[in-house]
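Peer 1: Build me a structure from this.
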Amino acid sequence: MADESLLTSLFPGEVVTRALVRDVELPESDQGSGTMALITLDNGRDHTRPNTFGPAGLLALRDALDSVAARAERGEIVAVGVTGKPFIFAVGADLSGAPLVAARDEALAIGRLGHAVFRRLGELGVPSFAFVNGAVLGGGLELALHCTYRTISAGVTAVAFPECFLGLLPGWGGTYLLPHLIGPAQALKIIVENPLSQNRMLRGAQAFSLGIADAMFDPADFLAESLRWAARVLTGSAEVSRSVPEESWDAAAGAARMFADGKLHGAAPAPYRAIELVAEARGRTRDEGFAAEDEALADLLLSDELQAGLYAFDLTQKRARHAAGAPDASLARPVTKVGVVGAGLMAAQIALLFARRLEVPVVLTDLDQARLGADAAARLTALVTGSLTKDAFADADFVIEAVFEEMAVKQQVFAEVEAVVRPDCVLATNTSSLSVTEMAAGLAHPERVAGFHFFNPVAMMPLVEVVRGAATDDATVATALAVGSRAKKNCVLVKDAPAFVVNRLLTRFLGEIIAAVDEGTPFEVAEHAPDPLGLPMSPFFLLQLVGPAVALHVGETLAAAYPDRFMVSPKLRALVAAGKTAVYRPDFTVDESVAELLAGGDRPSTAGEVRERALEALAEEIRLMLDEGVVAGPEDIDLCMILGAGWPFHLGGITPYLDRAGISEKVTGTRFHL
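Peer 2: All right, here's what the predicted structure looks like:
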């Protein structure tokens, strides 16, 4: 074991989770009961700062376990219990010091320390009980798995192994203990599939039904009921039966690899290493399984993917909550009624979101009564009212338009709305590419117009680009940001520039790939050129999701603004002219008529050349956007791409990857992060 003082020095800012021990007399029964040493994990902060384990926290738990083990040997206690502070059990390793781990032996020592401490819970000489009272993630879940028995509160909303989401794996027992408890297929869903599916969490009832917990109790009297249950287990009046499903470990590992390939194409090492550990756990002893986890953890702690993952995680947890460059929040005006212009799919989604999240009256208008009823009524009855005239906006505080992406149409809508609303009503546009400044230019009060660009589907995508036009004042921006926050969206403040951030970068990226097809690169080569990046979808799947007509419109907008860098693909024009809305059929085969439209050209490129071309274009465009002041910094570019385009954590968004790959310096002469 490495010097403990060296390990603790790697985490100078660790908020130490203490292991507070007290004796609890278990409820008596006919067979008697006894004293339990109950350990409460508590870092001294409220639930907004969950319990985590850095080296000092692990050593504190080790000291507590040394003490209770000695008491168990003397016969002073009959069991050991572990629970958490209110609402939190524990959420895993403290990763604040991970960037400071510079040597493999340090990383290996961290893995070994975690195993050495946690495994004591299964080797105390008396039964151990984990009473999972709140969120239990990562190392916290591993701690519980090391215990002999587990109870869980029905109120728990977060049970997960999120490590693969960040570029790590469960390295303190999880890849060995969980498959032996619930079977390899379900274990791999929790260890690999859930984190790669937008970091999906289980609830307490789901964890109980899977067999992760042996009993479940209501939150109100969770600890008391858990102690009563523990007493019954100890006296034999309650039996715990477990059965690991009979299934093929190889088949489970194969299915997990196929899933990871579909998401990542091999781009990030952690999920594949986790699958390997689970697959090999079947034939390993506990010591062998834990030693293999130590080696894997040591490798991954020093990986570029983890550093990128931690960077991205920090962005989404901190920077996303407070938009860079935001005016004083006190300038925001109250919003007690919202108007939405349009009754198409996007408008209906926006109206429903505002009704549910802001819990204020929402009025939805459209010129076509039949369309209003068909698109919106069934889903929005009792939440949103409909109106055929904009007079219904007279007392609204915030009106957003989501009509056709044509400047003249949007200008007309704003003119009509301005004529009926109060002087302090904020006017917002959901435009994806048009100029907010131009849209507001003919109004009496252009200062109250802001962009408020949602991403589709509105309910799921967490980003809103809040766009400040040339005349937009601070009160309008502050109000828009406040509305976004109340709608539980992450807002990035963006300067009014064509296509803003996400669509501008995706259009440049996609444009270079389509240009390669225009030149003669086979569709299949161009489509799979970005696979090594592990992006959430391939270029032409993205084109299909956006819609060729929408992509063409955004491309035309950007080509008009920046003709030296953006071109309008003749093959994309041909797709739209032919009325093609999809590239792939429902069975994921390519539509032959689309393939014909994409064929032709005499200057094919290799996949590597296409990928390099697209990435170099991104580096150029990002540098120009930063020079233009479109956002406050490269962090906001990454935040937009992660939250608005689903770019993976293992890239860190995009700018850290471009730096690591040397593309930033090659194209722009400098790195984005110095």
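Peer 1: can you pull the contacts of the residue lying closest to Phe11 once chain neighbours are set aside?
Peer 2: Of all residues beyond its chain neighbours, the one nearest Phe11 is Gly97 (3.5 Å), with distances taken as Cβ to Cβ, 6 or more residues apart in numbering. Bear in mind the C-beta positions are built from the backbone N, C-alpha and C, glycine included. Remark: with contacts taken as Cβ atoms under 8 Å, 6 or more residues apart in numbering, Gly97 is in contact with Leu10, Phe11, Pro12, Gly13, Glu14, Gly54, Pro55.
Peer 1: rerun that using 10 Å as the cut-off
Peer 2: If you count contacts by Cβ atoms under 10 Å, 6 or more residues apart in numbering, Gly97 has them with Leu7, Thr8, Ser9, Leu10, Phe11, Pro12, Gly13, Glu14, Gly54, Pro55, Glu106, Ile110.
Peer 1: Phe454 now?
Peer 2: The neighbours of Phe454, taking Cβ under 10 Å, 6+ apart as the test, are 346, 349-350, 353, 400, 402, 430, 432, 461, 463-465, 484, 487, 489, 644.
Peer 1: tell me the strands in the stretch 451-600 of the chain, going along the chain?
Peer 2: Taking DSSP state E, counting those that start in this stretch, the strands of the stretch 451-600 of the chain run over residues 463-468, 490-495.
Peer 1: what do you get for the stretch 1-150 of the chain?
Peer 2: In the stretch 1-150 of the chain, the segments counted as strands under DSSP E, counting those that start in this stretch are 18-25, 35-42, 79-84, 88-90, 128-132, 135-137, 149-153.
Peer 1: Relative to the third one, what are the paired strands and their orientations?
Peer 2: Yep, that's strand 79-84 we're talking about. Strand partners for strand 79-84, identified by DSSP bridges, are recorded as strand 35-42 (parallel), strand 128-132 (parallel).
Peer 1: chain center to that strand: distance?
Peer 2: Centre-to-centre, strand 79-84 and its host chain are 31 Å apart (Cα atoms, centre = their mean, to the nearest Å).
Peer 1: quick one: the closest residue to Gly211 other than its chain neighbours from Ala64, how far?
Peer 2: By the measure of Cβ to Cβ, 6+ apart, the closest residue to Gly211 outside its immediate chain neighbours is Ile182, 4.8 Å from it. Note on Ile182: its distance to Ala64, by Cβ to Cβ, to the nearest Å, is 28 Å.
Peer 1: isn't Ala582 right up against Val546?
Peer 2: No - taking contact to mean Cβ atoms under 10 Å, the distance of 11.3 Å between Ala582 and Val546 leaves them out of contact.
Peer 1: can you list residues touching both of those two?
Peer 2: Listed as contacting both Ala582 and Val546 by Cβ under 10 Å, 6+ apart is no residue at all.
Peer 1: Ala326: neighbour count?
Peer 2: When counting by other Cβ atoms under 10 Å, one arrives at 20 neighbours for Ala326.
Peer 1: which helix of the protein spans the most residues?
Peer 2: When secondary structure is assigned using DSSP state H, the longest helix within the chain turns out to be helix 607-628.
Peer 1: ok now it, how far from the chain's centre?
Peer 2: Going by Cα atoms, centre = their mean, where helix 607-628 is centred and where its chain is centred differ by 25 Å.
Peer 1: Packing partners of that helix?
Peer 2: strand 490-495, helix 502-519, helix 523-528, helix 634-645, helix 655-660, helix 663-668 (3 or more Cβ pairs under 10 Å, 6 or more residues apart in numbering; DSSP states H and E).
Peer 1: on that earlier part again, just the contacts of Phe454 now: which is nearest Glu596?
Peer 2: Closest to Glu596 out of the contacts of Phe454 is Ser432 (29.5 Å), distances taken as Cβ to Cβ.
Peer 1: CSV please, covering the strands of the stretch 1-150 of the chain and showing mean pLDDT, distance to Ala599 and mean neighbour count.
Peer 2: As requested, the strands of the stretch 1-150 of the chain are exported to CSV (pLDDT from 0 to 100; distance: least, Cβ to Cβ, whole Å; neighbours: other Cβ atoms under 10 Å):
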stretch, mean pLDDT, distance to Ala599, mean neighbour count
strand 18-25, 96, 67, 15
strand 35-42, 98, 62, 22
strand 79-84, 98, 61, 26
strand 88-90, 98, 57, 29
strand 128-132, 98, 58, 28
strand 135-137, 98, 49, 27
strand 149-153, 98, 57, 27
